[in-house]
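[1] sequence first, then the predicted structure, then my questions.
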Amino acid sequence: MKKINLAISGCMGRMGQQLINSANKNKKFKITCLTENRMINKKISGIKPVLNSFNAFDKADVIIDFTVPSCTLEILKIAVRKKKKVVIGTTGFSKRQEDLIKRFSKKISILKAGNMSLGVNLLIYLTEIASKSLGKNFLSKIFEVHHKYKKDYPSGTALMLGEGIATGRNKGFYSIVGKKYLNKKSFPYGKKINFNSIRKGNAIGKHEVTFSSGKEIVTLNHESFDRALYSEGALVAAKWLSNKKSGLYSMRDVLNF
């Protein structure tokens, strides 16, 4: 079986390092390119990291990107010209940037997910079902915890959970986004979806969706204990995307939820 040639951007980041470890253990992949936003004067797994450039991704079949929005868009511009497939794990995009990604997906295959975990994507699906089933008499809010180095909040996963609630209500997501709190001990329900993000220690990821009618509470949650589940999920996504035509896909497409 022919191996899938893989490029990993943001190779010195937490997820970049985890992706390298997971890809080296997976016989279906061969890492052909590592990129960073600065010069790195050493080899990693026998490969010298380079800056993102038009020629950097020549040998890659799929690019996996866990960086920051500005870098992701830079990579997508190159990928469109080189006709490369891209798996995006980056979070924190603005609505304008989300729209740009949709435009790029008309020319190349893109799989974008704020979280690559099977369990989290099941949680998002269950959130959508709960939102639809419980109806407008239940208010909802979302709580999440990540390590102290994570800059964006709410997390991409928390926003995906919010989109699940919005889909269940048959509402546009941005029309029902409420307040966004950071490091609050408690936070209220509202007519819109309120978010509370905790940034502390080395927490890998915890997400909780709560629905309340005032008479009862329904809670759905997920907690991650090993960062490898994200990198392994990204590799599953890359393999799935490797033979797909242009379009914008998600982990729900991969998992067939």
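    Noted; the coordinates are in hand.

[2] might one say that Asn21 is in contact with Glu232?
    No: contact between Asn21 and Glu232 fails when scored by C-beta atoms under 8 Å: they sit 10.0 Å apart. In short, each C-beta sits where N, CA and C put it, glycine included.

[3] neighbour-wise, which of these two wins?
    Neighbour count, other C-beta atoms under 10 Å: between Asn21 and Glu232, Glu232 has more, with 20 against 14.

[4] and the helix or strand hosting Asn5, what does it pack onto?
    Assigned by DSSP states H and E, Asn5 falls within strand 4-9. Under the contact definition 3 or more C-beta pairs under 8 Å, 6 or more residues apart in numbering; DSSP states H and E, strand 4-9 sits against helix 14-25, strand 29-36, strand 62-65, helix 228-241.

[5] adjacent strands (with direction) for it?
    Sheet pairing here is set by DSSP bridges, and for strand 4-9 it gives strand 29-36 (parallel), strand 62-65 (parallel).

[6] alpha carbons of that strand, as PDB, please.
    What follows is strand 4-9, C-alpha atoms only, in PDB (Å, rounded to 0.1, in the frame of the first residue of the first chain):
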ATOM      1  CA  ILE A   4       0.400   9.100   2.200                       C
ATOM      2  CA  ASN A   5       3.000  11.900   2.100                       C
ATOM      3  CA  LEU A   6       2.300  14.200   4.900                       C
ATOM      4  CA  ALA A   7       3.300  17.800   5.700                       C
ATOM      5  CA  ILE A   8       2.900  19.100   9.200                       C
ATOM      6  CA  SER A   9       2.800  22.800   9.800                       C
END
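
[7] all helices of the stretch 1-150 of the chain, in order?
    Secondary structure of the stretch 1-150 of the chain (DSSP state H, counting those that start in this stretch): helices at 14-25, 69-82, 95-104, 118-134.

[8] now render those helices as CSV, adding distance to Asp61 and mean pLDDT.
    Below are the helices of the stretch 1-150 of the chain laid out as CSV (distance: least, C-beta to C-beta, whole Å; pLDDT from 0 to 100):
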stretch, distance to Asp61, mean pLDDT
helix 14-25, 13, 95
helix 69-82, 11, 97
helix 95-104, 17, 96
helix 118-134, 23, 95
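
[9] make a markdown table from those helices and add distance to Ser186 to it.
    Formatted as a markdown table, the helices of the stretch 1-150 of the chain follow (distance: least, C-beta to C-beta, whole Å):
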| stretch | distance to Ser186 |
| --- | --- |
| helix 14-25 | 29 |
| helix 69-82 | 30 |
| helix 95-104 | 29 |
| helix 118-134 | 21 |
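
[10] and Ala56, which of these is closest to it?
    The closest of these to Ala56 is helix 69-82. By C-beta to C-beta, the value is 7.6 Å.

[11] flag every buried residue along that closest one.
    Across helix 69-82, burial judged by 16 or more other C-beta atoms under 10 Å covers 69, 71-76, 78-80.

[12] turn the residues you listed into a markdown table, columns for distance to Gly16.
    Shown next, in a markdown table, are the buried residues of helix 69-82 (distance: C-beta to C-beta, whole Å):
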| residue | distance to Gly16 |
| --- | --- |
| Pro69 | 16 |
| Cys71 | 11 |
| Thr72 | 13 |
| Leu73 | 18 |
| Glu74 | 16 |
| Ile75 | 13 |
| Leu76 | 17 |
| Ile78 | 17 |
| Ala79 | 17 |
| Val80 | 22 |
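
[13] before we move on, the earlier item: looking at the helices of the stretch 1-150 of the chain, which is closest to Lys141?
    Shortest distance between Lys141 and these, using C-beta to C-beta, is found for helix 118-134: 12.0 Å.

[14] send the alpha carbons of that closest one over as CSV?
    Extracted in CSV, the C-alpha atoms of helix 118-134 (Å, rounded to 0.1, in the frame of the first residue of the first chain):
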residue,chain,number,x,y,z
LEU,A,118,-14.1,10.7,18.2
GLY,A,119,-15.7,11.3,21.6
VAL,A,120,-15.9,15.0,21.2
ASN,A,121,-17.6,14.8,17.8
LEU,A,122,-20.1,12.3,19.3
LEU,A,123,-20.7,14.9,22.1
ILE,A,124,-21.4,17.6,19.4
TYR,A,125,-23.9,15.2,17.7
LEU,A,126,-25.6,14.4,21.0
THR,A,127,-25.8,18.2,21.8
GLU,A,128,-27.6,18.8,18.6
ILE,A,129,-30.1,16.0,19.4
ALA,A,130,-30.6,17.3,22.9
SER,A,131,-31.1,20.9,21.8
LYS,A,132,-33.7,19.8,19.3
SER,A,133,-35.5,17.4,21.7
LEU,A,134,-35.6,19.7,24.7
